[in-house]
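Q: Any chance you can model this:
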Amino acid sequence: EVQLVESGGGLVQAGGSLRLSCAASGFTFDDYAIGWFRQAPGKEREGVSCISSSDGSTYYADSVKGRFTISRDNAKNTVYLQMNSLKPEDTAVYYCAADCVPNDPYPWGQGTQVTVSS
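A: Numbers count the residues shown, from 1 in each chain. Have a look, this model is predicted:
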C-alpha cells in the first residue's frame, strides 16, 4: 500500500523555522519525485516545492524561494522541507505527494498543520 505520512508541523512565530518530514512506504521511493503542497483555509491547494528522483533537482514556488529548502534521504525514504523566515501567509496544511504534479483526484494524506503567528 502506497503511503506518505507528513509530520513536523506546529505553531511558530513569524520569522521562525520548522522542518517538515514526509515518510514514504509501499513503493520504490528512489524512482519518484516528491512534492510538497499546501492548502490554506478557503484557498485551493498549491504546489510549494518538489524534488526529482534522479538528479535531485528542485523546484520552488516564487512565494517560498530563498526561505524553504527541500531535500531527500533515499536511505530513509523521507523527504524534508526546511522552512525558515516563516510568514503568517505560510499558514496552511502541508501535504506531500509522490509526484510534482499529482493527478486529480489524488489520495492525499492527513497533512500537517503549520500555523505562523504574527
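
Q: what about the residue lying closest to residue 39 once chain neighbours are set aside, neighbour count?
A: If you skip the residues right next to it in sequence, residue 39 has residue 45 as its closest partner in space, 4.2 Å away by CB to CB, 6 or more residues apart in numbering. (Glycine included, C-beta is placed from N, CA and C.) The number of residues packed around residue 45, counting by other CB atoms under 10 Å, is 18.

Q: Partner strands of the longest strand along the chain, with direction?
A: In the chain, assigned by DSSP state E, the strand with the most residues is strand 18-25. Strand pairing for strand 18-25, determined by DSSP bridges: strand 3-7 (antiparallel), strand 78-83 (antiparallel).

Q: just the ones you listed: most buried one?
A: Burial among the strands paired with strand 18-25, expressed as mean neighbours by mean count of other CB atoms under 10 Å, is greatest for strand 78-83, which shows a mean of 22.

Q: Off-centre distance for that strand?
A: Taking CA atoms, centre = their mean, to the nearest Å, one finds the center of strand 78-83 at 7 Å from the center of the full chain.

Q: Thanks a lot, see you next time.
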